[in-house]
Each structure stands twice: as C-alpha cells, then as structure tokens.
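> Fold the following.
(one chain, ligands or ions: 8)
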Amino acid sequence: MKFLAIGALLLSTVGAMATEHIIKGASIIPAKDKGALKKIGAHGQKYADRRTVTIRSSKSDTDDIADDFLWGMKAANHGGRLVLQKGKKYVIGKKLDLSFLDNIEVQLEGELKFTDDIEYWQKNNFYYAFQKSITFWVWGGQDIKIFGKGTLNGNGQAWYNGFAGLEILDSTNTYYRPILFLTDNATRVSVEGITQLNSPCWTNFFVRTNDVSFDDVFINAYSTNASALPKNTDGFDSLNVDGLSVTNTRVDIGDDCFSPKPNTTNIFVQNLWCNNTHGVSMGSIGQYPGVEDIIENAWIENVTLLNGQNGARIKAWAGPDVGFGRVNNVTYKNIHVENTDAPIVLDQCYFNINATTCAEYPSAVNFTNIKFENVYGTSSGKNGKVVADLTCSPDAVCSGITLADIDIASPSGSPSVVTCDGIDGDVGVECQSSSA
Ligand SMILES: *[C@@H]1O[C@H](CO)[C@@H](O)[C@H](O)[C@H]1NC(C)=O
Ligand SMILES: *[C@@H]1O[C@H](CO)[C@@H](O)[C@H](O)[C@H]1NC(C)=O
Ligand SMILES: *[C@@H]1O[C@H](CO)[C@@H](O)[C@H](O)[C@H]1NC(C)=O
Ligand SMILES: *[C@@H]1O[C@H](CO)[C@@H](O)[C@H](O)[C@H]1NC(C)=O
Ligand SMILES: *[C@@H]1O[C@H](CO)[C@@H](O)[C@H](O)[C@H]1NC(C)=O
Ligand SMILES: *[C@@H]1O[C@H](CO)[C@@H](O)[C@H](O)[C@H]1NC(C)=O
Ligand SMILES: *[C@@H]1O[C@H](CO)[C@@H](O)[C@H](O)[C@H]1NC(C)=O
Ligand SMILES: *[C@@H]1O[C@H](CO)[C@@H](O)[C@H](O)[C@H]1NC(C)=O
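Ligands and ions are numbered 1, 2, ... in the order given. Down below sits the predicted model:
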C-alpha cells in the first residue's frame, strides 16, 4: 500500500507512464528511492538502480498472476526492472507474448512457476516447427537481463508422468511439452545466478537470437516417480543464433547438457558441470530435407561430465530424407569425464539408422577442423574398452579431426581404444576400425 502512494507520485512526474494506472498489489518505485528499493531486496552494489516494479504474488499454485506479470513487464520495459521478491511465489497459468522487450531487467529472487494444466498448455502455446517445439512464453526484443537467486520452475512432474513411454522423435508423437525459457528475435540476452527447475521439455531454446549469455546458472530436472523420468530436458538448445556463451553453470538433467542446433555460430562454453546428461553435443543437424545447417566456431573449455551417456559429441543426420551442412572449427579442451558411456563421439549416422542404411544414404553434413584436447577421466565401460568412437559417413567430408592428450580409462580394461571409420587423414592417436 505504501508503494502505491510512491508509485502514484512518480507517475505524476513521469510523462510516458502518466496514463498507465497501477494495478492492484503492484508498485513502481523510483530509482532514487534507495530506502524503498532496499526494503524489497532490489538495491544492490552490482547493478545500477532502476525504476523498479513489483507485482502481487500468488496465494496458491493455481492463483494465476500472468496478467500481473505481463503488466509488470510492460511497466518495467524501457529502462526499468521487475522484481519478483524472495520468499514469494508467482504462478503463470496463461501463455505470454513478451516479444516487445527493450532494455529491461527481471530480478528473480522468489519463484516463478508455471501451472501444470496439461490440457490448457497443449491447446495454448507458441509452436515452432523445428522438432515440433512448444513453449509457455516467448521473450523477444533487446537488452534483456534476468538475474537473482530465485527459481524458474517448469513444474514438470505431471508432464513427466504423462509422457512416460513416449518418444519425442517418433514422427507420430503429438504429446507436445513446453520449453521453459525461449527467446525469439532477441538481441543481447543475459541470464545470471538463477535456478531453472523441472522443465517439461528442453530447458532453454534460443531462436533467431544474437548474443546470449548465461552465467552461474543451475539447471536441474528430476522426477519423484521412478517410472516417469524427465525426458528431453536439454540444458541449452539453439536455432539460428550467433553468439552463445555459457559459463560457470551446472546442469543435472536427463538429456543433452549443452546442444546447439542448426545455424549456431560463435559459441563459448567455460566451466560447465554436467551430471547425468547426454553430454556437450554439437547438433543434431542436417535433419530436414533440402535445408542447410551450420555450426561453426565453438570453443568448449573446462567441462566436467559425470554419469552421462556422452561426453563431447558431434552428431548429424543421415538417411534417405535428410538435409546437409557443416560443423566446422570446434575445440573441446580440458574435458573431464567420469563414468561416461561414450566420452568422445563423432556420429554422422544419427538418428536410429543402421550401418547399411547410413552407407547407402550417407550424411551430407561435413565435419571439419574438430579438436579434442586433454580429455581425461573414466568411461563407464558400457562400450567396453572403447572411449572414443569416431564414425563418419563414407561419402561425407570428415577432415581436420584431431585428438591430443586423451587419457580416459575404461573399467573394462586397458589399454582403452579409439575407433575411427571413414575419417580423412591422421587423427593424432592410434585408432582402429570399429569392425576390426
Ligand atoms: C524482430 O524484432 C524487430 C524489432 O526488434 C522487429 O522490427 C522485427 O519485425 C522482428 N522480426 C520478426 C520476424 O518478428
Ligand atoms: C508415475 O508415472 C506412471 C507412468 O505415467 C503413472 O502411471 C503413475 O500414475 C505415476 N505415479 C504417480 C504417483 O503419479
Ligand atoms: C573448471 O570448472 C570448475 C567448475 O566446473 C571450476 O570449479 C574450476 O575452477 C574451473 N577450473 C579452471 C581452471 O577454471
Ligand atoms: C550426480 O548424479 C548422481 C546420480 O547419478 C547423484 O547421486 C549425485 O548426487 C549427483 N552429484 C551431485 C554433486 O549432485
Ligand atoms: C540455416 O541457415 C540456412 C542459410 O541461411 C537456411 O537456409 C536454413 O533454413 C537454416 N536452417 C534452419 C533449420 O533454420
Ligand atoms: C575458430 O573459432 C574460434 C572461436 O572458438 C575463433 O576465435 C577462430 O577465429 C575461428 N577460426 C577461424 C579460422 O575462423
Ligand atoms: C562439404 O564439403 C564439400 C567438399 O569439400 C563441399 O563441396 C561442400 O560445399 C561442403 N558443404 C558445406 C555445407 O560446407
Ligand atoms: C537397416 O535398416 C533398414 C531400414 O529400416 C532395414 O530395411 C534393413 O533391414 C536394416 N538392415 C540391417 C542389416 O539391419
């Protein structure tokens, strides 16, 4: 109530907002009111203080504040900040178009949580043809910053239960699940400090977006139902993105840890920790007939990968009805794997096709200038002594592939083995054919 009065005072002096009334339970605090900012936990050394907006919080998991949130984002747009306070929960039960953003900060200290009304979300969402993706909301525009110690909660359990036994890449699947955070047509997006919890599907998907950075983020998906584990809860995916940086981040989920997809360029990853994941994967790309996909210029350094299916992997589609493209100039350096099924993988025979079909319809995605440097630790032994499996399509270009300082022990015995098939030139380590 107190802030209402302050807000009203501000509104009378700020021309642009003078016509906008403050909705119930909300407030707008002027940047110079340090005392009021401090009271709501918004005043900090690290960030310049801004016109700061608060909205009412939810009283229960079904108390939908989507309208308040949308109002808050509009009120904070053009130079302000929306604060979601510590200890408070904000429940979103309606799809939101946030494509209008321009110079905004969202300080997330509390919990921003989606309803798990599956029937509603499967009818009301934003749809992307790429891998039939849907999302609760779309963030677009420029200079968007999300920071704080709070949680963005996808409330995934009901989705995990509902999807049990289904497969996302099954062409007949129509049980779509929302992505937790999606940007489209955005420039300069930064996310810092927050936790992203239990996404129903992929956690982050950036589309037509430039200059994204994530720092100090924790991504976690878990199920309390042993017969319905989280699926396809990838940490990071991208499509048509230039400039993607992920640093000092931890990911504990059941699918790809970090996985840029078609047309992602200038990728930087440093100090990433992945538990129980399908690894740091470039791709898959080359999925759609007649479509050219590129992944280029990626630097991946100091990554720890525990208890996963893959470590460092590059994957491209092959088969009778696929696309083309290239993965070029990728460096994986200082990669620590433990208990990982397939620590190093080049796969030009994705997805689910056998060697005969792959040879008949080879991938048309080139893999060039790919370095794996100082990859160490242990495999799980699932693939016997094989710790690196480099399989190129017979007809595709696969060149400039180098391995150096590979020291991965397999519990199945030593020495551990690197297999190579269809690769041009010397990879720098002893390598045998998988059929040997
Ligand atoms: C992308 O956003 C800009 C403004 O930032 C807008 O002018 C343009 O129409 C948008 N493009 C698409 C395809 O939505
Ligand atoms: C766990 O998931 C299975 C598979 O969907 C479902 O049949 C079962 O009801 C779920 N258990 C609980 C406690 O929700
Ligand atoms: C590597 O990343 C880990 C986090 O996974 C961090 O603790 C460690 O300090 C980093 N090492 C270097 C040399 O930066
Ligand atoms: C990593 O995952 C394993 C399960 O595979 C779990 O037991 C362990 O606690 C996780 N490690 C951390 C540090 O969270
Ligand atoms: C990748 O970029 C190419 C060239 O601009 C474009 O033709 C193709 O459609 C893009 N791929 C996807 C999946 O959007
Ligand atoms: C390869 O990618 C790195 C970034 O990882 C970049 O600095 C370098 O310029 C690229 N090399 C070429 C030849 O483009
Ligand atoms: C793949 O390599 C072949 C042979 O060098 C080249 O002709 C083709 O343009 C390359 N494809 C792409 C998408 O770079
Ligand atoms: C490989 O897959 C194709 C297409 O599914 C199938 O027709 C063929 O029998 C398979 N070949 C082998 C050797 O399994």
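> Could you use CA atoms for every contact and neighbour count after this?
Noted.
> buried sites along stretch 282-299?
282-287, 292-299 (16 or more other C-alpha atoms under 10 Å).
> Could you save those residues as JSON lines and add columns showing distance to S213?
Formatted as JSON lines, those follow (distance: C-alpha to C-alpha, whole Å):
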{"residue": "M282", "distance to S213": "18"}
{"residue": "G283", "distance to S213": "19"}
{"residue": "S284", "distance to S213": "22"}
{"residue": "I285", "distance to S213": "22"}
{"residue": "G286", "distance to S213": "25"}
{"residue": "Q287", "distance to S213": "26"}
{"residue": "E292", "distance to S213": "26"}
{"residue": "D293", "distance to S213": "22"}
{"residue": "I294", "distance to S213": "20"}
{"residue": "I295", "distance to S213": "18"}
{"residue": "E296", "distance to S213": "17"}
{"residue": "N297", "distance to S213": "16"}
{"residue": "A298", "distance to S213": "14"}
{"residue": "W299", "distance to S213": "14"}
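> now the residues you listed as JSON lines including distance to ligand 2, secondary structure and pLDDT?
Output for these, formatted as JSON lines (distance: C-alpha to the nearest ligand atom, whole Å; DSSP: H, G, I helix; E, B strand; the rest coil; pLDDT from 0 to 100):
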{"residue": "M282", "distance to ligand 2": "31", "secondary structure": "strand", "pLDDT": "97"}
{"residue": "G283", "distance to ligand 2": "29", "secondary structure": "strand", "pLDDT": "94"}
{"residue": "S284", "distance to ligand 2": "28", "secondary structure": "strand", "pLDDT": "92"}
{"residue": "I285", "distance to ligand 2": "31", "secondary structure": "strand", "pLDDT": "96"}
{"residue": "G286", "distance to ligand 2": "32", "secondary structure": "coil", "pLDDT": "96"}
{"residue": "Q287", "distance to ligand 2": "29", "secondary structure": "coil", "pLDDT": "94"}
{"residue": "E292", "distance to ligand 2": "38", "secondary structure": "strand", "pLDDT": "98"}
{"residue": "D293", "distance to ligand 2": "36", "secondary structure": "strand", "pLDDT": "98"}
{"residue": "I294", "distance to ligand 2": "37", "secondary structure": "strand", "pLDDT": "98"}
{"residue": "I295", "distance to ligand 2": "36", "secondary structure": "strand", "pLDDT": "98"}
{"residue": "E296", "distance to ligand 2": "39", "secondary structure": "strand", "pLDDT": "98"}
{"residue": "N297", "distance to ligand 2": "41", "secondary structure": "strand", "pLDDT": "98"}
{"residue": "A298", "distance to ligand 2": "38", "secondary structure": "strand", "pLDDT": "98"}
{"residue": "W299", "distance to ligand 2": "39", "secondary structure": "strand", "pLDDT": "98"}
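> Throw those residues into a markdown table and include distance to ligand 3, thanks.
What follows is the buried residues of stretch 282-299, written out as a markdown table (distance: C-alpha to the nearest ligand atom, whole Å):
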| residue | distance to ligand 3 |
| --- | --- |
| M282 | 20 |
| G283 | 23 |
| S284 | 25 |
| I285 | 27 |
| G286 | 31 |
| Q287 | 32 |
| E292 | 34 |
| D293 | 30 |
| I294 | 28 |
| I295 | 24 |
| E296 | 23 |
| N297 | 21 |
| A298 | 18 |
| W299 | 14 |
